[in-house]
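Q: pasting a predicted model and its sequence here:
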Amino acid sequence: MSASATTSRGNWNSKLGFVLAAAGSAVGLGNIWRFPTEAASNGGGAFLLIYLICCFLIGFPVMMAEISIGRKTGKNPVGAFKALSSNKIYPLIGMWGVLCGIFILSFYTVVAGWTFSYVFEEVFFAAGMIDWASWVADTSNGWLNAIFSIAFMCCTISIIRGGVSDGIEKATKTLMPLLFGILFLLIIYVVMQPGSSEGLAVYLQPDFSKIDMPLIFAAMGQAFFSLSLGMGALITYGSYLSRDENVPQAAALVTFTDTMVAFLAGLLIIPAMYLAQANGIAIFENGEFIAGTDLIFQVLPSLFHGIGGVLGAIVGITFFVLLSMAALTSTISLLEVPVSYAIDEHQIPRKKAALFVGGGILLISLIISFDTSLIGTLDFIFSQVGLPLGGILICLFLGYAWKTEKAFDELERGNPNFRQTMIGKTWRVFVMVICPLVILYNLLSNFW
Ligand code: PHE
């Protein structure tokens, strides 16, 4: 695939543009909604520890694999496998990715809709117009869920219609630093509250006796979900990356940023859960954490209302606006996968593809809006199992069909002699042996 062909599909304007867009894809509800809930249900600090190991030892090598496949071919996940091998079986890996993207986006849109609805909750609460307890109950209100899902999907579609650098890149550049800023301020506030130390201890002092196979399974699924791996989102984003960028460095930056945001979110939300409990919100039952998909949406407003007054309102509104934006930069990457597939493989123009693919996925979101218990099931099949499975297949394809030597040729374009470096040598072993084995063992042991 020539560089000019890559350019005509769209390109990032700068390396920072790619890193921010990929980090924008990675940082989202996975960090702030899914990570703290998973960590709290799986023993806090022990989960954090295993999660960090999964991100850097498993996630980072898979991320490099995905970006290098994308940049080499300049294609969507299905086209990329077609371009690298004549064997007809491999594009199925890309197809699986497209399918995961479709279903993850369908429930993600509903949760993102909740986030967006809480911007209004904060405004109405500040104006004294609602009793927020009734709003919390409304995460089970199908019509409200449907309205906010539609609103969210419309925003996603309109950005995807705008294309790569104008749509995706512009949106992420300002939002990410703002999100970091507000997280910091909130952590300082929470940590200063009396009663937060219990939550901090649970999060930061790992209890090694809690490490078992279900915990490792959950941590691995979370790492793949949070880093947007295993479904070709980074193959797609890599396909818009210019030829001489340093892929290992970009992948390291994205992994680090995403992990940092998840860590900070845990530092905010786990202590905040204990504070919320002191305010009468049921978080634990008989010492066990009650893992509800909508728990975060009770804990956070309770925190903001605890700050009170104008300041509480400002912080609450800003937080939910930023979280909605973080979710938006993830939904655009989820939608970009099936859309780029429709554009490249079926020659459908971008604007039309965005509308039809996005509209189709919205129909699934509407069903989920009226039965939110589907979120757990879809999340299990397509994120917990689907993404690590995609990760194994991508590693095996790179290691044994495309071959690491060719991948190194690609990686060395922006990072000369990468194959001789320590990281390069280790990467080869991880992609070919360690990642597939560890992920496979983990998946299998959970089904037996
Ligand atoms: N990484 C995103 C998040 O943490 C979700 C996502 C998963 C996006 C897979 C793209 C692909 O919210």
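A: The structure has been received and is ready for your questions.
Q: for the ligand, what are the nearby residues on the stretch 201-350 of the chain?
A: Phe225, Ser226, Ser228, Met231, Ala233, Ser330, Ser333, Leu334 (CB under 6 Å from any ligand atom). (Each C-beta comes from the backbone N, C-alpha and C, glycine too.)
Q: who wins for most neighbours among the residues you listed?
A: Using other CB atoms under 10 Å as the neighbour test, those are led by Met231, with 34 neighbours.
Q: helix, strand, or coil at the closest residue to the ligand within the stretch 101-250 of the chain?
A: Nearest to the ligand, among the residues of the stretch 101-250 of the chain, is Ser228, at 3.5 Å (CB to the nearest ligand atom). What DSSP: H, G, I helix; E, B strand; the rest coil gives for Ser228 is coil.
Q: re earlier: in CSV, list the residues of the stretch 201-350 of the chain next to the ligand along with secondary structure and pLDDT.
A: Shown next, in CSV, are these (DSSP: H, G, I helix; E, B strand; the rest coil; pLDDT from 0 to 100):
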residue, secondary structure, pLDDT
Phe225, helix, 96
Ser226, helix, 97
Ser228, coil, 96
Met231, coil, 97
Ala233, helix, 96
Ser330, helix, 93
Ser333, helix, 92
Leu334, helix, 96
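Q: that older thread, verify the contact between the residue of the stretch 101-250 of the chain closest to the ligand and Thr331 for me.
A: No. Using CB atoms under 8 Å, Ser228 makes no contact with Thr331, being 11.3 Å away.
Q: Arg34: what's it in contact with?
A: Counting by CB atoms under 8 Å, 6 or more residues apart in numbering, Arg34 touches Gln222, Phe225, Ser226.
Q: hmm, 6 Å instead?
A: With contacts defined as CB atoms under 6 Å, 6 or more residues apart in numbering, Arg34 has no neighbours.
Q: same question, Ala83
A: Taking CB under 6 Å, 6+ apart, we find Ala83 in contact with Thr73, Lys75.
Q: how about the closest residue to the ligand within the stretch 251-400 of the chain: what's its closest non-neighbour residue?
A: Nearest residue of the stretch 251-400 of the chain to the ligand (CB to the nearest ligand atom) works out as Ser330 at 4.0 Å. For Ser330, ignoring the flanking residues on the chain, the nearest one in space by CB to CB, 6 or more residues apart in numbering is Gly28 at 3.2 Å.
Q: buried ones in stretch 269-289?
A: For stretch 269-289, a neighbour-count test (16 or more other CB atoms under 10 Å) marks Ile269, Ile270, Pro271, Ala272, Met273, Tyr274, Leu275, Ala276, Gln277, Ile281, Ile283, Phe289 as buried.
Q: one step back: pretty sure the residue nearest to Ser330 contacts Leu328?
A: No. Between Gly28 and Leu328 there is no contact under CB atoms under 6 Å: 8.3 Å.
Q: neighbour-wise, which of these two wins?
A: Gly28 (29 against 22).
Q: what sits against the more buried one?
A: Contacts of Gly28 (CB under 6 Å, 6+ apart): Ala326, Ala327, Ser330.
Q: distance of it from Leu335?
A: Gly28 sits 13 Å away from Leu335, going by CB to CB, to the nearest Å.
Q: point out where the chain drops to low pLDDT.
A: Scanning the chain for pLDDT under 70 picks out the ranges 1-10, 12-16, 132-138, 163-172, 286-288, 291-292.
Q: smallest distance to the ligand belongs to which residue of it?
A: For the chain, CB to the nearest ligand atom, closest residue to the ligand: Gly30, 2.1 Å.
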